[in-house]
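[1] From the sequence below, what's the structure:
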Amino acid sequence: MLSDRRPILLTNARIVDPSRDLDFPGDLLIADGTIREAKRGIGAAGVPEGTEVVDCRGRVVAPGLIDMRAFVGEPGAEHRETIASASQAAAAGGVTTIVCQPDTTPAIDDPTMVDFVQRRARDTGIVHVHPMAALTKGLAGEEMTEIGLLKAAGAVAFTDGLKSVTNAQVMRRALIYASDFDVLIVHHTEDPALVGEGVMNEGEFAARLGLIGVPKAAETIMLERDVRLVALTGGRYHAASVTCADSLDVLRRAKDAGLTVTASASINHLTLNENDVGSYRTFYKMEPPLRAEDDREALVEALASGLIDVVMSDHNPQDVEVKRLPFAEAAAGAVGIETMLPAGLRLVHNGEIKLIKLLHAMSTKPAELLGLPGGTLRPGAPADVVVVDLDEPWILDRDNLKSKCRNTPFDEARMQGRAVRTIVAGRTVYEYV
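    Purely as a prediction, here's the structure:
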């Protein structure tokens, strides 16, 4: 990232800082890559010489978003996404930090691979990029990686990406070792034997389409096992993507018992449901699959109550060759970094969740869980900031997305609200014109 950055004064803004539960009209001063002040009436007088003054006209100023689950193709799948293209998409979506997954080729399972990602991010990225490291060597689910060395190299958490660790003994040992280093285990909770050949949510709709379904039990059984292992080990555990009401019951019991268990939901599962698959639309094929509307509503309620901690994009770019296939054969996944915020604002405009709660789950909570310095507008914090126009109406055109792939479920969707300026370390990296 470039180092030259002049001070910025964001005036006439609606300051929303979920880290301090603040929502008030005021100004924000940024200088030397950090937040200097966030209060009413800073004004242009007394600010550093050469300051860029931006009239926000009542728009929201909030901490930059932290996307806790995104696939970035480097190394090995640069045709799907690169750190450069992913960071451009992130900036356009108000995301100032990407946490990338280890299921690359080769996998991010040793310190040299962590260093590779960090160097590529420094050289080509315009937002912060932090890698999660593999939980098991080669993502094979059999032998733990060197958790201590990987953490020292810069890994912010440990996961096997879209693979579940089916061996309970391996997961138990990983939780024990991770607790020694105070690192977070992030686990994809799907029992592969129960998933089988399933391609969408099991139920009446899948039966009518003639598609093999994935039962909710595939998720809840794995989550229940993991919670019991957390109780046994005392490790820090995060469910990567909960999708159904049954899983929320497991999560609620774990939290009520005082276990260090947290969970994410993807923006797709919070805003879409199985009916969106329609007539075999492969851009709606997800892993885990989109669930019933009752489950979607339960997820939103859990987010509003704080039972679900984090909203992430589950960004998974797939090129046209693997998406333009019969539904059962098409690859699962959707791009999401750029659309996470505007899709989330649907929930705000519908009255399903408060803006400050959504931003807390997209910025403050991921920062807390991963030990990252963002997610706040406190004076002295890094100047990772997004300016959001809540009312801007627009229609999403997938050809305008900055990701390398265009597999968005929101193509031609009517949106209300978007990021209009993204600031990373005090420098504007995106501005909507």
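
[2] Contacts only, for A367.
    Residues near A367 by C-beta atoms under 8 Å, 6 or more residues apart in numbering: P63, I66, T97, P373, G374, G375, T376. For the C-beta atoms, the positions are set from N, CA and C on the backbone; glycine is no exception.

[3] Redo those as CSV? Include pLDDT.
    Putting the contacts of A367 into CSV (pLDDT from 0 to 100) gives the following:
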residue, pLDDT
P63, 98
I66, 98
T97, 98
P373, 94
G374, 94
G375, 97
T376, 98
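
[4] Among the residues you listed, which one lies nearest to L232?
    Minimum distance to L232 across those is 30.1 Å, recorded for I66 (C-beta to C-beta).

[5] helix or strand right after the helix or strand where that closest one lies?
    Element membership for I66 (DSSP states H and E) is strand 65-70. With elements assigned by DSSP H and E, the helix or strand that comes after strand 65-70 is helix 83-92.

[6] if we can go back for a sec, which pair in the contacts of A367 spans the largest distance?
    T97 and T376 (12.5 Å).

[7] quick check, A302 in a helix?
    Yes - looking at A302 with DSSP: H, G, I helix; E, B strand; the rest coil, it is inside a helix.

[8] The closest residue to it other than its chain neighbours is in what secondary structure piece?
    Spatial nearest neighbour of A302, excluding adjacent residues (C-beta to C-beta, 6 or more residues apart in numbering): I308 at 4.4 Å. For I308, there is no enclosing helix or strand under DSSP H and E.

[9] Throw the contacts of A367 into TSV and include secondary structure and neighbour count, thanks.
    TSV is the format used below for the contacts of A367 (DSSP: H, G, I helix; E, B strand; the rest coil; neighbours: other C-beta atoms under 10 Å):
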residue	secondary structure	neighbour count
P63	strand	30
I66	strand	29
T97	strand	28
P373	coil	12
G374	coil	23
G375	coil	30
T376	coil	22
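
[10] Sort out which residues of the helix or strand harbouring D23 are buried, please.
    In this assignment (DSSP H and E), D23 forms part of strand 22-31. Across strand 22-31, burial judged by 16 or more other C-beta atoms under 10 Å covers D23, G26, D27, L28, L29, I30, A31.

[11] From these, pick the one nearest N12.
    Among the buried residues of strand 22-31, D27 lies closest to N12 (C-beta to C-beta), at 7.4 Å.

[12] which residue sits closest to A298, ignoring its sequence neighbours?
    Spatial nearest neighbour of A298, chain neighbours left out: A245 (4.0 Å); criterion: C-beta to C-beta, 6+ apart.

[13] Any idea how many residues pack against that neighbour?
    19 (other C-beta atoms under 10 Å).

[14] for this protein, which helix is longest?
    Among the segments of the chain that qualify as a helix by DSSP state H, the longest is helix 217-233.

[15] for it, packing partners?
    With contacts defined as 3 or more C-beta pairs under 8 Å, 6 or more residues apart in numbering; DSSP states H and E, helix 217-233 has these neighbours: helix 168-181, helix 192-195, strand 236-239, helix 245-256.

[16] All set, thanks.
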